[in-house]
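1. 3D, please:
(one chain, ligands or ions: 3)
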Amino acid sequence: MTAPTNHVLAHKPLKVALLGGGNVGAQVARILLDDADSLAARTGARFELLGIAVRNLDAPRTAPLPRELLTTDAEALVKEADLVIELLGGLEPARSLIQTAIAHGASVVSGNKALLAADGATLYQQADAAGVQLSYEAAVAGAIPILRPIRDSLAGDQITRVLGIVNGTTNYILDQMDSTGADFATALAEAQRLGYAEADPTADVEGHDAAAKAAILASLSFHTRFALENVHCEGISSITAADIAAAKEAGLVIKLLAIAEKFPAKDGEEGGVSVRVHPTLLPREHPLAAVHGAFNAVFVEAEYAGELMFYGQGAGGTPTASAVLGDLVSAARRIVLGGPGRTETTTGEVAALGIEAVQTSYCIGLTVADQPGVLAQIAQLFAGQGVSIETIRQTIHRDSVDQEDYAELRIVTHRALESALAGTVEQIRQLPVTREITSVLRVEGI
Ligand SMILES: NC(=O)C1=CN([C@@H]2O[C@H](COP(=O)(O)OP(=O)(O)OC[C@H]3O[C@@H](n4cnc5c(N)ncnc54)[C@H](O)[C@@H]3O)[C@@H](O)[C@H]2O)C=CC1
Ligand SMILES: N[C@@H](CC=O)C(=O)O
Ligand code: NA
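-> Residues are numbered from 1 along each chain as shown. Ligands and ions are numbered 1, 2, ... in the order given. A predicted model of the protein is given here:
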C-alpha cells in the first residue's frame, strides 16, 4: 500500500456554529467531536466547533454535549463562523440567522424543509450572490442522498416523475397500524419518542412536512420554483383502523405518498407538473409497500436514466446527522478549494480483505445417497466448522442409470465465515455418501 499523501492539513481550521441541540443537532455535535480526525482528513481542514446555540442550557439531550460549548446567543455565534449548521426548525429565527450567516460570508447547511419550502429560492439567491453555499440534503428524506443526485447526477437528464414516501412519522404510524393493529395515538406517541416527529407533529400527520419536501423535490427535479401553495396536501389523520383492515383484506396497503409528476401538453391541453401528497393504496407487492417503519423511499423516473430508487432512513437524529455532515464536508471542501480541493481521499488506510474473510449466508446444492443418517453426518460437519444451518430442503430422485434413489439437498446457512464454509464444503465432498456438490452460492438480504 502506498503511503497516504494527504494527511497534511494546510488549510486553517474552519469555524463551525451549530444552531440547535435537539434530536439532530445533538448527534451532529457528537459526531463532529468524536470523528474530528477522519472528518479533517476527508475535508482538508479541521472543524472547530465554536459553539452550540440552544434555547435552554439545561434541557436533556440525546447525546452529552460539552457544557462550555452551549450558548443561548445564536446571533453572536453565527457572526464568528465559516460554516453554520441550522437545526432549529421553524421559520424564525432560523431564516434571520441564515441570512446573517450569509451576510457574514459563511456557508450554511440546514435540515429545515419548512423554511426551505417557504423561502428556499430567496435564500439560495442570497447565498449565490454572496458567493457562499446553502446545502440542505437532510431536509428531504433524512439520510437518503436524494437532493444531490437530482441536482448533480441527473443534471443532464429530464426527470418525468418523482414518487416517494418522504415522511418517516406517518409511514411509522401507518405501518404500526397495519402490522400490529396499534391505534393512531399510540403509534404517534412512539414516533415522537423515537425522535422522528416534528416539534409539532401536526406537520407530519396532516402531510405538511411531506408537502414541504414535495415542493423541494419538485423544484429541483423540474428546475422550476414550486411553492407550498402549489402542493395539494392531504394527511393521514382521517385514516381509520377500519380503512387499514379493508385495504389489508384486498391485498393493499395505505401509504402517504408525495408525488411530483410531469404531464406533457396533449390534445390542446396545457402540460405541467402536478405536486401532491395524499394517502395512497398500493398493492402489497409494490416496492413501496415494503418500506416499513420510519424508512423512506423515493422513486425517480427520468427520460434517459429510467427508473431509480433511493431507500433508507428518512428520520431520526443520527441518520439525519449523516446527511448534515455530508453537506458540511462538501461545503468545507469548496472553501479549502483554493487549491485543487480534496474530493477523493485515501487516508482511511483500511486493509483490503480477501474473500475468505467475508461473512455472509450461503446456499449449497448437493446430491447424496438416500440412506439413513446422511443428514446427521452432514449437519455434524457444519457444526464442526461453526456454521449454523438455517434451512435444509430435501427432494428424492431416482437415478435413471443405476435405478438407485438419491437425495438432492439445498442447504441455506446463517451468516458464516467464508473460510469455515469452504472447509465444510470440502469435508462434505469427501464423504462416501456424497455424489456431487452442484452449487455453492452466497446469499444476501435474508
Ligand atoms: N428529527 C428528524 O428526524 C429530522 C429533522 N429534520 C429537521 O432538522 C431540524 C431539527 O430537527 P430536530 O433536531 O428533530 O428538532 P428538535 O426540536 O429536536 O431540536 C430543535 C432544537 O433547536 C432549539 N431551538 C429552537 N429554537 C431556538 C432558538 N430560537 N434559539 C436557540 N435554540 C432553539 C430547540 O430548543 C431544540 O433543542 C428541523 O428543521 C427538522 O425539520 C430533518 C430531517 C429529519
Ligand atoms: N418529521 C420528519 C423528520 C424528517 O424529515 C419525518 O417524520 O419524516
Ligand atoms: Na436526504
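2. From now on I want contacts and neighbour counts done on CA atoms only, so please keep to that.
-> Noted.
3. State the distance from the residue of the stretch 201-350 of the chain found nearest ligand 2 to ligand 3.
-> The stretch 201-350 of the chain approaches ligand 2 most closely through A315 (4.2 Å), counting by C-alpha to the nearest ligand atom. According to C-alpha to the ion, to the nearest Å, A315 stands 9 Å off from ligand 3.
4. sec struct for that residue, please.
-> coil (DSSP: H, G, I helix; E, B strand; the rest coil).
5. And the pLDDT for it?
-> In this model, A315 is scored at 92, pLDDT.
6. Run through the residues that contact it.
-> With contact set as C-alpha atoms under 8 Å, 6 or more residues apart in numbering, A315 has these partners: 141-143, 167-169, 195-196, 294-295.
7. three-state assignment of the closest residue to S219 other than its chain neighbours?
-> The shortest distance from S219 to any non-neighbouring residue, by C-alpha to C-alpha, 6 or more residues apart in numbering, is to R225 (4.9 Å). Assigned with three-state DSSP, R225 falls in the coil class.
8. Identify the residues contacting stretch 233-249?
-> 170, 177-178, 181, 183, 204-208, 211, 253-254, 256, 276-279, 281.
9. Point out the residues in the stretch 151-300 of the chain that sit beside ligand 1.
-> Proximity of the stretch 151-300 of the chain to ligand 1 (C-alpha under 6 Å from any ligand atom) is limited to residues 195-196, 198-199.
10. Surely V108 and A130 touch.
-> No. In terms of C-alpha atoms under 8 Å, V108 does not count as a neighbour of A130; the distance is 11.7 Å.
11. any chance you could map the strands in the stretch 201-350 of the chain?
-> Here the stretch 201-350 of the chain has its strands, by DSSP state E, counting those that start in this stretch, at 231-233, 252-263, 272-283, 295-302, 306-313.
12. go on, the stretch 51-200 of the chain?
-> With strands called from DSSP E, counting those that start in this stretch, the stretch 51-200 of the chain shows them at 70-71, 83-86, 107-110, 134-135, 159-165.
13. Just tell me which of those ends up closest to ligand 2.
-> Once the strands of the stretch 51-200 of the chain are compared by C-alpha to the nearest ligand atom, strand 159-165 is nearest, at 8.9 Å.
14. got the angle between the closest one and strand 252-263?
-> Going by axes from the mean of the first three to the mean of the last three C-alpha atoms, to 10 degrees, strand 159-165 is angled at 160 degrees with respect to strand 252-263.
15. close to ligand 2, is strand 159-165?
-> No. Strand 159-165 lies apart from ligand 2 when judged by C-alpha under 6 Å from any ligand atom; the minimum separation is 8.9 Å.
16. Remind me what that strand packs against, helices and strands.
-> Using 3 or more C-alpha pairs under 8 Å, 6 or more residues apart in numbering; DSSP states H and E, the elements in contact with strand 159-165 are helix 208-221, strand 252-263, strand 295-302.
17. mind redoing it with 10 Å?
-> Packing contacts for strand 159-165, counted by 3 or more C-alpha pairs under 10 Å, 6 or more residues apart in numbering; DSSP states H and E, involve helix 208-221, strand 252-263, strand 272-283, strand 295-302, strand 306-313.
18. among these, which is nearest R67?
-> Of all the helices and strands packed on strand 159-165, it is strand 306-313 that lies closest to R67, at 29.8 Å by C-alpha to C-alpha.
19. Tell me the strands beside the closest one, with direction?
-> In the sheet, strand 306-313 lines up against strand 295-302 (antiparallel) (DSSP bridges).
20. is the strand it pairs with anywhere near ligand 2?
-> No. Using C-alpha under 6 Å from any ligand atom, strand 295-302 never reaches ligand 2; the gap is at least 7.8 Å.
21. Break the chain down into its domains, please.
-> Domains of the chain are assigned by automatic domain parsing as 6-141+318-337, 147-314, 358-443.
22. what does the stretch 101-250 of the chain have sitting close to ligand 3?
-> Residues of the stretch 101-250 of the chain found near ligand 3 (C-alpha under 5 Å from the ion) are 137-138, 140-145.
23. Using JSON lines, please lay out these together with neighbour count.
-> Formatted as JSON lines, those follow (neighbours: other C-alpha atoms under 10 Å):
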{"residue": "E137", "neighbour count": "27"}
{"residue": "A138", "neighbour count": "30"}
{"residue": "V140", "neighbour count": "29"}
{"residue": "A141", "neighbour count": "29"}
{"residue": "G142", "neighbour count": "30"}
{"residue": "A143", "neighbour count": "26"}
{"residue": "I144", "neighbour count": "25"}
{"residue": "P145", "neighbour count": "18"}
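24. Among those, which ones lie close to ligand 2?
-> Checking those against ligand 2 (C-alpha under 6 Å from any ligand atom), the matches are 141-142.
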